[in-house]
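A.B. asks: predicted model, plus sequence, below.
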Amino acid sequence: MDAFDLKMLDALQADGRLTNLQLAERIGLSASQCSRRRSALEASGVIQGYHAALANEAVGLDVLVFVQVSLATQSPDSGQAFARLIRGLDEVQEAHSLTGEADFLVKLAVPDLKTLSRIINDVLLPHRSVGRVRSSVVLERVKQTGRLPLRHLSEVQDAQGARRRMPSKRKRAPQRG
């Protein structure tokens, strides 16, 4: 990836609906170059897709909760069974396998506490793989972003460019006097 690709990724993270012409104007390339670069980033999997970001509260999902789940037993079968369970729950927004005290951290968006209670008591706790569940209801969302930081890629690119521009140091043969 070069500087144009990084500018393109940054612009698309801010607004995924940009046309190639709009993108070209923002990053200083032609629309056809932007189209080729965007296609290459999509084909390589760097750009995984485009979607509309919905506001939880606007669609009636007023409760955001993080649930820590400890498995009943530490076995591959238990982890896989739990993963299958949460993949089937629409309310699950994210789920992560962890090191530390809990085995999984699950983020849910639900309309109310009654729905949360039903999911915990009727779905999670009775499941054979689940040993313990601890939930934390979000009081206030301080920050939410889907944007990935890209600065480290620019820094790597800058460092590589600096190495290419540095004159090579050649060993001199010792002079005889």
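C.D. replies: Yep, it's here. Keep in mind that what you see is a predicted model, and the values were worked out from it rather than measured. Residues are numbered from 1 along each chain as shown.
A.B. asks: tell me the domain ranges of the protein?
C.D. replies: Following automatic domain parsing, one gets these domains for the chain: 1-53, 57-137.
A.B. asks: from residue 65, how far off is residue 117?
C.D. replies: In this view, residue 117 and residue 65 are 11 Å apart by Cβ to Cβ, to the nearest Å. Yep, even glycine has a C-beta here, placed from its N, CA and C like the rest.
A.B. asks: the more surrounded of those two?
C.D. replies: residue 65 (20 against 12; other Cβ atoms under 10 Å).
A.B. asks: helices or strands up against the particular helix or strand that has the more buried one in it?
C.D. replies: Assigned by DSSP states H and E, residue 65 belongs to strand 63-71. Judged by 3 or more Cβ pairs under 8 Å, 6 or more residues apart in numbering; DSSP states H and E, the packing partners of strand 63-71 are helix 76-87, strand 104-110, helix 113-118, strand 130-137.
A.B. asks: looking at the ones you listed, which is nearest to residue 149?
C.D. replies: Closest to residue 149 of the helices and strands packed on strand 63-71 is strand 104-110 (Cβ to Cβ; 20.0 Å).
A.B. asks: which parts of the closest one are buried?
C.D. replies: 104, 105, 106, 108, 109, 110 (16 or more other Cβ atoms under 10 Å).
A.B. asks: turn the domains of the chain into TSV, columns for distance to residue 145 and mean pLDDT.
C.D. replies: Formatted as TSV, these follow (distance: least, Cβ to Cβ, whole Å; pLDDT from 0 to 100):
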stretch	distance to residue 145	mean pLDDT
domain 1-53	9	94
domain 57-137	13	96
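A.B. asks: out of the ones you listed, which is closest to residue 150?
C.D. replies: It's domain 1-53; of the domains of the chain, that one is closest to residue 150 (Cβ to Cβ) at 5.5 Å.
A.B. asks: chain center to that closest one: distance?
C.D. replies: Taking the mean of its C-alpha atoms, domain 1-53 sits 18 Å from the chain's own mean (Cα atoms, centre = their mean, to the nearest Å).
A.B. asks: show me what contacts residue 13?
C.D. replies: Contacts for residue 13 were tallied using Cβ atoms under 8 Å, 6 or more residues apart in numbering; they are 146, 147, 148.
A.B. asks: give me the pLDDT for residue 176.
C.D. replies: pLDDT recorded at residue 176 is 57.
A.B. asks: again with residue 153
C.D. replies: In this prediction, residue 153 carries a pLDDT score of 86.
A.B. asks: am I right that it sits in a helix?
C.D. replies: Yes - Residue 153 forms part of a helix when assessed by DSSP: H, G, I helix; E, B strand; the rest coil.
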